[in-house]
Each structure stands twice: as C-alpha cells, then as structure tokens.
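Visitor: Have a look; sequence and predicted model below, questions after that.
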Amino acid sequence: MLSVACSLVMAACAGRPSRSSTEESAGPAGYTVAYDPSARWHATGFRVRKDSRYRIEAAALPDDRRRPYADKGIPCSPDGPTTFRGRVFDWVAHDARCPLHPVGWFRRDRVKRLRVLEDRFGRRAHFLTVIGCIGRMPEHELEQHAFIIGSGRDFVAPATGELWVFSNDWPGDESLPADDQPYLNNTGRIEVRITQL
Ligand SMILES: [Ca+2]
C-alpha cells in the first residue's frame, strides 16, 4: 500500500506544459465559461451580487488534444477522482499534514497538501474538484473564502465581486522545474455554467 501511494505521488509530480486558455459566452440560459485546469486561477468574467442566489454547474470535457479531464492519466470529474487509484492519490494529497503520513517517512520534500482541504462551509475538497471563490484570494486565506462547486451547486453569494474558479491541486513550488509543477500535468478542460436564480 505504501509503495503504491508513493509511486502515485511521484507520478503526479511529473508533468508537461499545457496551454492555458479561457473561452466565454453569454446566453439566455446562463453564462458559460470554459477553462484550462493546468492554470491555478481562472477569472470567469461573471460578477455575483451579495445575497443573490446562483446555480453553478461544471462539466468535464476533452481538451483540444482530445485528452480527458485528468491529472497525468488519473481520470477525474468536477467532483474529484473517479477511480480507486485516484482515490488513493486523493488520500495522499489530503492528509499530508498528518505526522504519521507515509509519504513523509521517505520524502518529506514531496509531501503534498491540496490548496483547499475543506471549503468555507467545512466540506471536504477532493483532488481536482472544481472550486469557486469570489475574488482572487491569497493562498493562505483561500480556505476561508473558497467553496466547492463540484458538478453543480446552488449558493447565495456571500459578497459582491467576480467569480474565480480553479481545479483543486497541490500548489507546488515555483522553484521546481516545469516537469515537477503539479498544475502543468492537468489535462482536459472544464465548462462552468452560471445561472442567477
Ligand atoms: Ca496535477
């Protein structure tokens, strides 16, 4: 089990550059934006108003190279990993703060922590789950403001501002080489639809 977990961590640390792109369209059924999960933040261009109610839906689509939504081959949906292997990786990435975490026994420098472990409502945020935030918040304040979108959620906006979205992943370290940047091995794209209720 430990060797499996470690091999998954090492596999996910390797990556390849992916072009970041954002496409937007607006229509009577709602506002739609598509984003590349290999970038850390995505401005939707949609402003929410405090105390107004919205429905946000997210769908995973192949990217322009026909690659599915995945982290270096680990398939995911907007709610997180969809396979046993992915759920093991999610466990590794989620509980890395624990002093008994097995990855830390071998490679403390490889210990992972997802950007959002729990959202502002205390809900567990899985690996590659689609997350929303009103405004682009500093990383150390992210869990106070971020909320899980997953495949869909109705919510009352707690503030007025632009909705930003991202796929939950290990933030990595800018000093690492490109092949070790956790966001650069994410593939596919996510389409987000926002409707005011
Ligand atoms: Ca990744």
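Guide: Thanks, I have the structure now. Numbers count the residues shown, from 1 in each chain.
Visitor: Please report how far the residue nearest to the spatial centre of the chain lies from Glu139.
Guide: Taking Cα atoms, centre = their mean, the centroid of the chain lies closest to Ser167, which sits 1.7 Å from it. Using Cβ to Cβ, to the nearest Å, Ser167 is found at 15 Å from Glu139. From N, CA and C alone the C-beta is placed, and that goes for glycine too.
Visitor: ok, now Leu184?
Guide: Using Cβ to Cβ, Leu184 is found at 18 Å from Glu139.
Visitor: more neighbours, those two?
Guide: Leu184 (19 against 10; other Cβ atoms under 10 Å).
Visitor: quick check, that one in a helix?
Guide: Yes: counting by DSSP: H, G, I helix; E, B strand; the rest coil, Leu184 is found in a helix.
Visitor: Would you confirm that it contacts Ala178?
Guide: Yes: using Cβ atoms under 8 Å, Leu184 is in contact with Ala178, at 6.1 Å.
Visitor: List, one by one, the residues from this structure near the ion.
Guide: Within the chain, the positions lying close to the ion (Cβ under 5 Å from the ion) are Asp71, Asp169, Pro182, Asn185, Asn186.
Visitor: Show me which pair in these is furthest apart.
Guide: Across these, the longest distance by Cβ to Cβ is 9.2 Å; it joins Asp169 and Asn185.
Visitor: Need the residues touching each of these two.
Guide: Common neighbours of Asp169 and Asn185 are listed as Asp71 (criterion: Cβ atoms under 8 Å, 6 or more residues apart in numbering).
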